[in-house]
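K.L.:
no sequence for this one, just the structure:
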């Protein structure tokens, strides 16, 4: 049940180092091919976006990468320059928890770092680390707030801080700006760009927002159970490819906003310059 894509839809992928390689990845759930022979690459050091309609298998591909669903085929994650296994940070689309839970953001952050049960208090070094990570995502003021009282955007920043605490080589995100208002989305994207440049990790995200993708992605994978096209945004986000993946009513994207092969965001939220 793959999408009907043009024969020439797949763009050539630049010969840059590859952080993740998907090779003929197939996932069958309940007898349905959620993913069907997916082959694609995630260039190292860039921001790769996976785009496609609902039910295209985008989240399933991330879960296969994280080892959460069984799959056929191969997923290869490249090692680091110093020969160690890469660390992977993950920011889910949503976090299911009891919002009445009497737990602060700081307690939530340190819960996985200290052996001492929380009812004995937080170890000073763990609490300091939590505050420093929250400051990196402009959320230090949330330290003492109750976790269940956070807005969607605030919670996403906390989850991002938690993922950054793993010092990831690969940061995987599922709809990171979902439920975030326009201003919050700009701030979140700016934070991500700054962290990626400073820390040097590879970013892989699922997104429905083509405006965000055109500004922030340096590599795009168009997915509808199998790959329709992949490559730089200017080559991939064409009317032909978007129609093949999303259907006839998919709106056009602003090609002037695309990074044009750059490895950083071209939007005003990160450059400080007004959009044309």
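P.N.:
Perfect, thanks for sending it. What you see is a predicted model; the values in this text were computed from it and never measured.

K.L.:
For the stretch 1-150 of the chain, which residues score under the pLDDT cut-off?
P.N.:
For the stretch 1-150 of the chain, the stretches flagged by pLDDT under 70 are 1-15, 116, 119.

K.L.:
residue ranges for the helices of it, please.
P.N.:
Under the criterion DSSP state H, counting those that start in this stretch, the stretch 1-150 of the chain carries helices at the ranges 58-65, 105-110, 124-136.

K.L.:
for the last one, which positions count as buried?
P.N.:
Just to be clear, that refers to helix 124-136. Going by neighbour count (16 or more other CB atoms under 10 Å), the buried part of helix 124-136 is 126-127, 129-131, 133-134, 136. Using the backbone N, CA and C atoms, a C-beta is placed for each residue, glycine as well.

K.L.:
following that helix, which helix or strand comes up?
P.N.:
Next helix or strand after helix 124-136 toward the C-terminus (DSSP states H and E): helix 152-164.

K.L.:
rewinding a little: what would the helices of the stretch 1-150 of the chain look like in JSON lines with distance to residue 38?
P.N.:
As requested, the helices of the stretch 1-150 of the chain are arranged in JSON lines below (distance: least, CB to CB, whole Å):
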{"stretch": "helix 58-65", "distance to residue 38": "6"}
{"stretch": "helix 105-110", "distance to residue 38": "34"}
{"stretch": "helix 124-136", "distance to residue 38": "33"}
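
K.L.:
Compare the ones you listed and report which one is nearest to residue 215.
P.N.:
Minimum separation from residue 215 across these (CB to CB) falls at helix 58-65, 19.0 Å.

K.L.:
Return the set of buried residues in that closest one.
P.N.:
Across helix 58-65, burial judged by 16+ other CB under 10 Å covers 58-65.
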